[in-house]
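> Next one to model:
(2 chains)
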Amino acid sequence: EAGVAQSPRYKIIEKRQSVAFWCNPISGHATLYWYQQILGQGPKLLIQFQNNGVVDDSQLPKDRFSAERLKGVDSTLKIQPAKLEDSAVYLCASSTGGAKQYFGPGTRLTVT
Amino acid sequence: QKEVEQDPGPLSVPEGAIVSLNCTYSNSAFQYFMWYRQYSRKGPELLMYTYSSGNKEDGRFTAQVDKSSKYISLFIRDSQPSDSATYLCAMSSNNAGNMLTFGGGTRLMVKP
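As a prediction, this is how the structure comes out:
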């Protein structure tokens, strides 16, 4: 069974630029999550989707971050404009709706 | 005070040692407890999943949950150099796809 796919794996941008990340969850997983993991810390939830609806986006900085999950499968996370403090690994995870979540390899973002 | 506390380490042990990793938490609503292993530049990999209090064993790994003390542990027997990674504890308050709250991770190094 294929795991969670993410791209790109690495991205370097300058502050105030925009960037987008893509995630393809495990087939059949209705719930999709985006996490931000700052170096040396545990992942922090940004947004949770159930199919193509948002379940929880309370920790998403909505002035600069946006996410969508069209057709309830793939998802994109966008940052516009990026700040230095957005440098982190952005992890996508999926689940069947239970507590077990399966993570992708992440996208490492560096903002200079 | 963070909801989930985890000693960041690093924890260095010789090959073959028994490793004990721990987390404490403050939210008594947590019912689902997980341990993830994260290798450098990789996404977290689900190792152990337990519900409520008790023990669960899987090969060289044993997870323990003591809800009365708000304390969870992961034991690794006969540790191997390949176990060198960061170990993250994670918790959830219900099984309906709710967000995971992570500890900051403990970095483990197993020396040959």
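> Which residue comes closest to the closest residue to chain B within chain A once chain neighbours are left out?
Nearest residue of chain A to chain B: residue A:42, at 3.1 Å (CB to the nearest CB). (Glycine included, C-beta is placed from N, CA and C.) Leaving out its chain neighbours, the residue that sits closest to residue A:42 by CB to CB, 6 or more residues apart in numbering or on different chains is residue B:102, at 3.1 Å.
> Tell me who's in contact with the residue of chain A closest to chain B.
B:4, B:6, B:88, B:90, B:102, B:103, B:104, B:105 (CB atoms under 8 Å, 6 or more residues apart in numbering or on different chains).
> would you list these in JSON lines and tack on neighbour count, secondary structure and pLDDT?
What follows is the contacts of residue A:42, written out as JSON lines (neighbours: other CB atoms under 10 Å in any protein chain shown; DSSP: H, G, I helix; E, B strand; the rest coil; pLDDT from 0 to 100):
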{"residue": "B:4", "neighbour count": "22", "secondary structure": "strand", "pLDDT": "95"}
{"residue": "B:6", "neighbour count": "22", "secondary structure": "strand", "pLDDT": "95"}
{"residue": "B:88", "neighbour count": "27", "secondary structure": "strand", "pLDDT": "97"}
{"residue": "B:90", "neighbour count": "25", "secondary structure": "strand", "pLDDT": "95"}
{"residue": "B:102", "neighbour count": "25", "secondary structure": "strand", "pLDDT": "95"}
{"residue": "B:103", "neighbour count": "27", "secondary structure": "coil", "pLDDT": "96"}
{"residue": "B:104", "neighbour count": "19", "secondary structure": "coil", "pLDDT": "95"}
{"residue": "B:105", "neighbour count": "26", "secondary structure": "coil", "pLDDT": "96"}
